[in-house]
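Trainee: structure of the sequence below:
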Amino acid sequence: MVNSGIFGANGRMGRALIEAHLQEQDINLNYAHVRASSKWQGFDIGELAGTAKQGILTTSDSSQLPVDVMIDFTLPEALAANLELCVAQQRPVVVGTTGLDEQQKTLIAEAAQSVPVVFAANMSIGVNLLFNLVRQTARVMGQTADIEIWEAHHRFKKDAPSGTAVAIGEVIADELGRDLNECAVYGREGDTGERDPQTIGFATIRAGDIVGEHTAMFAELGERIELTHRASSRLTFAKGAVRAAKWLVNQPVGLYDMQDVLGLKG
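Mentor: The predicted structure is shown next:
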């Protein structure tokens with residue numbers, strides 16, 4: 001039995017992670033962290049997930065992490081402290097927090113020199129299969145097709161484009177030998193001239209309660225391929241993170257992603 005813990009138990013993803021744990025038989029959630037200033041301290045995790053009480057209360061006490069692995073789906077500004085805790089107490093950690101800058105990604109890489117870390121822009125199994133399909137399509141069509149990526153999320157999402165959309169772009173750029181920082185176009189307005197065939201375009205939608213939609217389009221003159229993933233529940237991402245946590249406890253120190261977890265590499 002794997003004993004796990006989560007940071008940000010009171011958040012939208014935190015509650016989904018609690019629910020995902022309760023649906024599994026071989027992992028036990030026995031630590032649920034919240035901020036010291038949170039009004040959600042002392043709540044039973046079952047109350048947060050809308051189920052029967054489970055006997056595990058939320059806490060801000062991090063002096064001891066009574067777990068085999070931690071899961072972090074909080075905010076970028078909380079990442080450094082959470083990583084520091086995991087490294088200090090030698091706990092593997094699954095990081096699903098999005099909207100990270102390069103400095104924060106460097107912190108993840110540094111932590112992975114001390115403990116096993118899974119970091120992925122999207123923990124969904126379907127999205128990670130999409131990455132593979134996108135790479136294959138880029139290999140065949142990418143040098144001649146116009147490539148556009150668009151994504152849609154709920155009104156509360158703060159970062160744009162989504163980490164997943166950027167990850168799709170990175171997969172395509174890597175396959176084509178391009179630098180995404182140089183070829184990405186984020187939105188268009190006014191007289192932009194003809195499309196540069198070397199660019200990868202991005203478009204963003206924020207509306208209502210959309211959980212997450214991503215499409216990569218490869219358009220030739222006369223035909224196009226559109227590869228789309230739609231998530232209808234945050235539980236999709238939570239289940240992927242729980243799967244990653246169970247996998248990670250048996251891995252050596254290092255930095256991994258969901259492609260490693262799912263055995264999709266090589």
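Trainee: now do the helices in the protein.
Mentor: Using DSSP state H, the helices of the chain run over 12-22, 45-49, 76-88, 102-111, 125-141, 163-176, 180-183, 235-248, 258-261.
Trainee: show the average pLDDT along the second one.
Mentor: Mean pLDDT, computed over helix 45-49, is 90.
Trainee: against which helices or strands is that helix packed?
Mentor: Counting by 3 or more CB pairs under 8 Å, 6 or more residues apart in numbering; DSSP states H and E, the packing neighbours recorded for helix 45-49 are helix 12-22, strand 27-33. Quick note: C-beta positions are derived from backbone N, CA and C, even for glycine.
Trainee: residue 209 contacts residue 157, correct?
Mentor: No: assessed by CB atoms under 8 Å, residue 209 is found out of contact with residue 157, at 10.8 Å.
Trainee: looking at those two, which is more packed in?
Mentor: Comparing residue 209 with residue 157 by other CB atoms under 10 Å, the one with more neighbours is residue 157, at 16 against 8.
Trainee: what's around the residue nearest to that one when sequence neighbours are not counted, how many residues?
Mentor: Of all residues not flanking residue 157 in the chain, residue 206 sits nearest, at 6.2 Å (CB to CB, 6 or more residues apart in numbering). Neighbour count for residue 206, taken as other CB under 10 Å: 15.
Trainee: beta partners for residue 206?
Mentor: Legend: beta-bridge partners of residue 206 under DSSP bridges are residue 153.
Trainee: in the stretch 101-250 of the chain, where is pLDDT below threshold?
Mentor: Applying pLDDT under 70 to the stretch 101-250 of the chain flags no residue at all.
Trainee: correct me if wrong: residue 80 contacts residue 105.
Mentor: No: here residue 80 lies out of contact with residue 105, judged by CB under 8 Å, at a distance of 11.8 Å.
Trainee: distance of residue 116 relative to residue 125?
Mentor: Distance from residue 116 to residue 125, counting by CB to CB, to the nearest Å: 20 Å.
Trainee: neighbour count winner among the two?
Mentor: Each of residue 116 and residue 125 has its neighbours counted (other CB under 10 Å); residue 116 has more, 23 against 17.
Trainee: skipping adjacent residues, who's closest to residue 209 in space?
Mentor: residue 154 (5.1 Å).
Trainee: tell me how many other residues crowd that neighbour.
Mentor: When neighbours are counted by other CB under 10 Å, residue 154 registers 14.
Trainee: where's it relative to residue 22, distance?
Mentor: 24 Å.
Trainee: cool, residue 96 as well?
Mentor: Distance, residue 96 to residue 22, by CB to CB: 18 Å.
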